[in-house]
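Student: My questions concern the predicted model and sequence given below.
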Amino acid sequence: MENIKIVIAGPRGRMGSEAVKLVEKTPHFELVGAVDHKYDGQQLNEVNGFSSKVLIYNDMEKCFQETKPDVLIDLTTPEIGKVHTKLALQNGVRPVVGTTGFSKEDLKEIEQLIEEKGIGAIIAPNFAVGAILMMKFSQMAAKYFQDVEIIELHHDQKLDAPSGTGLKTAEMISAVREEKKQGHPNEKEVLSGARGADFDGIRLHSVRLPGLVAHQEVLFGGEGQTLSLRHDSYNRASFMSGVKLSVEQVMKLDLLVYGLENIIE
Ligand SMILES: NC(=O)C1=CN([C@@H]2O[C@H](COP(=O)(O)OP(=O)(O)OC[C@H]3O[C@@H](n4cnc5c(N)ncnc54)[C@H](O)[C@@H]3O)[C@@H](O)[C@H]2O)C=CC1
Ligand SMILES: O=C(O)C1=N[C@H](C(=O)O)C[C@H](O)C1
């Protein structure tokens with residue numbers, strides 16, 4: 001098997017630094033470059049104690065032209081992740097995107113680009129297998145319980161709320177349940193925001209606290225019973241088997257996969 005050549009955007013971040021370690025230790029993966037908004041022209045090993053000596057680029061297109069990667073792994077910020085994804089596709093590079101905060105419109109634009117370019121992309125709001133299962137189980141449960149609330153809990157450095165996982169869970173549940181306005185018909189928020197965000201009638205609550213990593217509980221209620229489905233990521237290594245699978249799979253794709261539940265059997 002030929003090596004898969006990879007560029008990582010956001011290599012100094014909490015997720016990006018884990019991804020660098022993953023690529024460095026995987027025999028058929030080859031890190032060929034890094035994209036950061038700082039340290040242009042320096043080597044990665046000089047800025048972050050990695051062993052890899054690849055160059056850091058501020059300019060993603062220049063990075064692609066000089067390093068000719070197969071795959072971009074993007075783990076940056078909600079604003080920049082979508083720009084990077086489009087740039088990758090325009091340059092014939094397959095994106096594996098963990099960055100969250102993509103809107104429906106962003107996904108549509110990306111899908112159009114994929115059609116034009118004929119290469120695949122993976123956008124995964126959550127790479128952890130346990131989180132994927134929690135989302136799938138929630139979708140199953142929603143057929144039997146119409147009332148559901150999602151509580152996602154994250155570290156206090158997170159930029160987007162609700163989380164990508166929370167939103168994806170709501171989308172998956174909404175796809176199988178009849179729309180319902182939950183709670184009392186005359187319910188009134190005494191303090192704005194008390195009932196959380198509303199996605200097709202599903203309430204989404206975001207908790208941000210130091211000490212947390214990434215957690216989510218999906219709570220279903222029915223006559224005389226509740227069902228709680230919970231997933232906890234205690235470290236960022238929990239996401240890496242999903243990143244590895246995505247890099248391998250994206251090489252075989254010519255469409256957009258949005259969510260790893262679509263490729264995990
Ligand atoms: N899909 C998944 O399983 C997971 C997704 N995430 C998502 O990944 C993203 C990153 O999360 P963290 O690593 O916790 O954030 P972080 O803040 O630790 O890392 C983001 C990195 O992006 C870099 N960056 C900012 N602007 C840039 C630019 N223009 N070019 C290149 N790099 C740039 C920053 O310097 C920083 O190092 C977030 O959107 C988060 O929601 C996080 C964990 C798991
Ligand atoms: O920012 C994070 O940390 C995480 N982001 C993703 C999300 O928004 O769902 C995945 C995971 O929850 C961790």
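Tutor: Done, it's in. Ligands and ions are numbered 1, 2, ... in the order given.
Student: do whichever strand or helix holds Ile56 and ligand 1 meet at all?
Tutor: In the assignment (DSSP states H and E), Ile56 maps to strand 56-57. No. Using C-beta under 6 Å from any ligand atom as the criterion, no contacts between strand 56-57 and ligand 1 are found, and the smallest distance is 9.1 Å. C-beta coordinates here come from the backbone N, C-alpha and C atoms, glycine included.
Student: residues in contact with that strand?
Tutor: Surrounding strand 56-57, the residues in contact under the criterion C-beta atoms under 8 Å, 6 or more residues apart in numbering are 11, 33-36, 38-44, 47, 63, 66.
Student: At which residues are the helices of the stretch 51-200 of the chain located?
Tutor: Remark: helices assigned in the stretch 51-200 of the chain by DSSP state H, counting those that start in this stretch are 60-67, 78-90, 104-117, 129-142, 164-174.
Student: Comparing the ones you listed, which comes out most buried?
Tutor: Among the helices of the stretch 51-200 of the chain, ranked by average contacts under mean count of other C-beta atoms under 10 Å, first place goes to helix 164-174 (a mean of 23).
Student: so how far is that helix off the chain centroid?
Tutor: Its chain's C-alpha centre lies 12 Å from the corresponding centre of helix 164-174 when counted by C-alpha atoms, centre = their mean, to the nearest Å.
Student: And the closest residue to Gln157 other than its chain neighbours, how close does it get to Glu179?
Tutor: Here the nearest residue to Gln157 in space, its sequence neighbours aside, is Arg14; by C-beta to C-beta, 6 or more residues apart in numbering that works out to 7.9 Å. From Arg14 across to Glu179, the span is 36 Å (C-beta to C-beta, to the nearest Å).
Student: Neighbour count for these two, which is higher?
Tutor: Taking other C-beta atoms under 10 Å, Arg14 and Glu179 do not tie; Arg14 has more neighbours (14 against 9).
Student: Take the helices of the stretch 51-200 of the chain and lay them out in TSV including distance to ligand 1 and mean pLDDT.
Tutor: Conversion of the helices of the stretch 51-200 of the chain to TSV gives the following (distance: least, C-beta to the nearest ligand atom, whole Å; pLDDT from 0 to 100):
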stretch	distance to ligand 1	mean pLDDT
helix 60-67	8	98
helix 78-90	4	97
helix 104-117	13	95
helix 129-142	7	98
helix 164-174	6	98
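Student: so can I have a markdown table of the ones you listed showing distance to Pro210?
Tutor: Converted to a markdown table, the helices of the stretch 51-200 of the chain look like this (distance: least, C-beta to C-beta, whole Å):
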| stretch | distance to Pro210 |
| --- | --- |
| helix 60-67 | 32 |
| helix 78-90 | 21 |
| helix 104-117 | 30 |
| helix 129-142 | 21 |
| helix 164-174 | 19 |
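Student: Now do the worst-scoring helix or strand of the chain on mean pLDDT: which elements does it pack against?
Tutor: For the chain, counting by mean pLDDT, DSSP states H and E, helix 44-48 ranks last in confidence among helices and strands (a mean of 91). Of the remaining helices and strands, those touching helix 44-48 by 3 or more C-beta pairs under 8 Å, 6 or more residues apart in numbering; DSSP states H and E are helix 14-25.
Student: ok, then the element right after the helix it packs on?
Tutor: Per DSSP H and E, helix 14-25 leads on to strand 29-35 as the next helix or strand towards the C-terminus.
Student: which bits of the stretch 101-250 of the chain sit near ligand 1?
Tutor: Ala124, Pro125, Asn126, Phe127, Gly164, Phe239.
Student: State the pair within those residues that is farthest apart.
Tutor: Spanning the widest gap among those are Gly164 and Phe239, at 12.0 Å by C-beta to C-beta.
Student: Quick one: residues contacting His84.
Tutor: The neighbours of His84, taking C-beta under 8 Å, 6+ apart as the test, are Ala9, Val35, Met60, Leu72, Asp74, Thr76, Pro95, Val97, Thr99.
Student: Let's see that with 6 Å instead.
Tutor: Taking C-beta atoms under 6 Å, 6 or more residues apart in numbering as the contact definition, His84 lies against Ala9, Asp74.
Student: This completes my enquiry, with thanks.
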